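> what follows is a predicted protein model with its sequence.
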Amino acid sequence: MNRSLALNNNLKSAFKPSLAGSLNVVFNAGTRFEDNQGVANVLKNFAFRNTAERSSLRQVREAEAAGGVLYSTLTRDNLILSADFLPQHQELFVQILADVVKSTKFTQHEYDEAVKPALQAEFNAAQQNALIQAIDTAHTIAFRRGLGNSLFSASEHPVKLEDVKAYASKVYSADNVAFLSTGPSDISSSLSKYFSGLSSTGQAQTQKSQYFGGEQRLNLPHEGHALPSAFISWGSTSSSPAHTVLAELLGSGSNIKWNKGLSPLAAIEEADVKAVNFEYSDASLFGFAVQSSSESNVKKASQKAVEAFKKIAQNGVESTQLQAAIAKSKFNYTLYADSADGWKQINGNGLINNNLKSLDQVLGEFDAVSTSSIQQAAADLLKNKVTLVTVGGRELPYADELGL
Amino acid sequence: MVNPLKLSLAPFIKGSLRKTLEPIGKGYLNLAGFRQVGLRYDDLIQEENDEMQKALARLSPREEYDRAWRLRRAINQSILHKDLPKEQWSEDEASKQRYLTDRITEVANEHNERAMFDNPEYKIQTSHH
């Protein structure tokens, strides 16, 4: 595949050929870089609002007329402003993105009238999903400040407009950004024309992640259809491909429809249990998401999941199982790297922080996972204090009931 | 489109013409009588319409409080058939008298822009400035 990763006029950029055009402006401005609680969350929702050049309405209507999409994404590491468009309308969409970065007005009335309701809607949607809540809270108690900052904290904490403005002028900087474009022709070299006025205030700084762990019990929202859930996890500040393989080995869900698969977690009948591994730039969180309609079943399933995990740490794994898990990890990673989402997340982060890995390099690391290294990784994770978040009533398990 | 500010020739009066007419304007401000009960010019704009309501919603809490205070004080003075002592008359400066004008114009522009975009006959502009 013909990809280019380049530095044009000091702007880090990458290009991938494709039929539809897209530009993703990735900033090191995720929640972990927040200096005041909630500012990243607000800034994400201030994307595509009134700018000096175009009103919010104009951006939306012009994008609709040209048949494109404008959206912003917030993760713990990054804030991403994206536009997907037909190649002939590239000029318009690149201009809109440049306007947003360079001249958003940040007016108080727009904050009150449009941004705050958007934040509230985002928060309400997250509240309806017990697992989103559990995983978000698990990050907070696992890593506390920095990487642990909640993705939805703006609704719990009043955020001042001045703080958002200050955050924007700090993170919307030339040293803190990567441009990832796709389309029929490479537009990287013309980007400096649009984004030339960006200040160079240096790269955003955050504290190094540290793992703590702990326990938290949340209530199930009364409205909606959320199920009692538990998220049992172990953090690590030395992330390793073995963690991803471990999640696949234990069972991260079947690739076949109407079939649970043959993994140890799929054999648990009481509840829906999936192993997940969240990778960040300097840490990772490995865990089990457990969900069932009954609280006592969540407890039983959690105990069984922990038992299956401990079995790997104690007895190791068979090499055929390991090979299948490695193959699945490699497949999932390749599929993700190829998707629009993976393309911007992986490369954006890698470019800004100068630690971009090639696909072969990552796949090679998966191949290098051995039966002994995976057993060691499982044992190392289990040595850490567990992070348990339950969403529901009193029948859900406490950490000391997991059988650790 | 007519906004809550109604039609006005003021934007066209500039330069030396403005200088000649300014004393007449000042005289009118004093004759109209609202200054004497502590009201500002923009307190008199009819507020029973969507645009004005939206503009009023954009006042800061302090401005909102002051506006309500001025209106209540003016009603009280009207009942008493008395003017306020001169030091309590509303300010002379245009910016204070017209404290809402910018916000009304802003809201009116937003409405006009929406009306324009709701009309399907528009062209995609790749560079409009």
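In hand now; what should we look at?
> can you give the distance of stretch A:242-259 from its chain's centre?
Centroid separation between stretch A:242-259 and its chain, computed with C-alpha atoms, centre = their mean, to the nearest Å, is 19 Å.
> return it as PDB; C-alpha atoms alone will do.
Output in PDB follows, covering the C-alpha atoms of stretch A:242-259 (Å, rounded to 0.1, in the frame of the first residue of the first chain):
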ATOM      1  CA  ALA A 242       0.500 -10.100  25.500                       C
ATOM      2  CA  HIS A 243      -2.400  -8.300  27.200                       C
ATOM      3  CA  THR A 244      -4.300  -8.100  23.900                       C
ATOM      4  CA  VAL A 245      -3.600 -11.800  23.100                       C
ATOM      5  CA  LEU A 246      -4.700 -12.600  26.600                       C
ATOM      6  CA  ALA A 247      -8.000 -10.900  26.000                       C
ATOM      7  CA  GLU A 248      -8.500 -12.900  22.800                       C
ATOM      8  CA  LEU A 249      -7.500 -16.100  24.500                       C
ATOM      9  CA  LEU A 250     -10.000 -15.700  27.300                       C
ATOM     10  CA  GLY A 251     -12.700 -14.500  24.900                       C
ATOM     11  CA  SER A 252     -13.500 -11.100  23.500                       C
ATOM     12  CA  GLY A 253     -16.600 -12.200  21.600                       C
ATOM     13  CA  SER A 254     -17.100 -14.500  18.700                       C
ATOM     14  CA  ASN A 255     -16.500 -13.600  15.100                       C
ATOM     15  CA  ILE A 256     -19.300 -15.900  14.000                       C
ATOM     16  CA  LYS A 257     -22.900 -14.900  14.200                       C
ATOM     17  CA  TRP A 258     -25.300 -16.700  16.600                       C
ATOM     18  CA  ASN A 259     -22.400 -18.500  18.200                       C
END
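> for it, buried residues please.
A:242-253 (16 or more other C-beta atoms under 10 Å in any protein chain shown). Just so you know, the C-beta spots here come from the backbone N, C-alpha and C atoms, and that holds for glycine as well.
> what's the average pLDDT for it?
Per-residue pLDDT over stretch A:242-259 has a mean of 88.
> hmm, who's touching it?
Contact with stretch A:242-259 is made by A:236, A:260-261, A:263-266, A:273-277, A:279, A:284, A:286, A:288, A:305, A:308-309, A:312, A:317, A:321-322, A:325-326, A:328-329, A:332-333, A:366, A:369, A:373-374, A:376-378, A:381, as judged by C-beta atoms under 8 Å, 6 or more residues apart in numbering or on different chains.
> start to end distance for stretch B:53-62?
17 Å (C-alpha to C-alpha, to the nearest Å).
> how about stretch B:35-50?
End-to-end span of stretch B:35-50 (C-alpha to C-alpha): 27 Å.
> and what of stretch A:16-33?
This stretch, stretch A:16-33, spans 28 Å end to end (C-alpha to C-alpha).
> let me know the average pLDDT across that stretch.
94.
> which pLDDT value goes with the residue nearest to A:Ser284 when sequence neighbours are not counted?
Nearest non-adjacent residue to A:Ser284, counting by C-beta to C-beta, 6 or more residues apart in numbering or on different chains: A:Ser239, 3.7 Å away. For A:Ser239, the pLDDT comes out at 81.
> contacting residues for A:Ser239?
Here A:Ser239 is in contact with A:279-280, A:282-284 (C-beta under 8 Å, 6+ apart).
> now for those residues: which two are most distant?
A:Glu279 and A:Asp282 (10.0 Å; C-beta to C-beta).
> neighbours of whichever residue of the stretch 251-400 of chain A sits closest to chain B, how many?
Residue of the stretch 251-400 of chain A nearest chain B, by C-beta to the nearest C-beta: A:Ala340 (23.7 Å). Counted with other C-beta atoms under 10 Å in any protein chain shown, the neighbours of A:Ala340 add up to 16.
> that older thread, could you confirm the residue nearest to A:Ser284 falls within a strand?
No: counting by DSSP: H, G, I helix; E, B strand; the rest coil, A:Ser239 is located in no strand; its state is coil.
> roughly how far apart are it and chain B?
44 Å (C-beta to the nearest C-beta, to the nearest Å).
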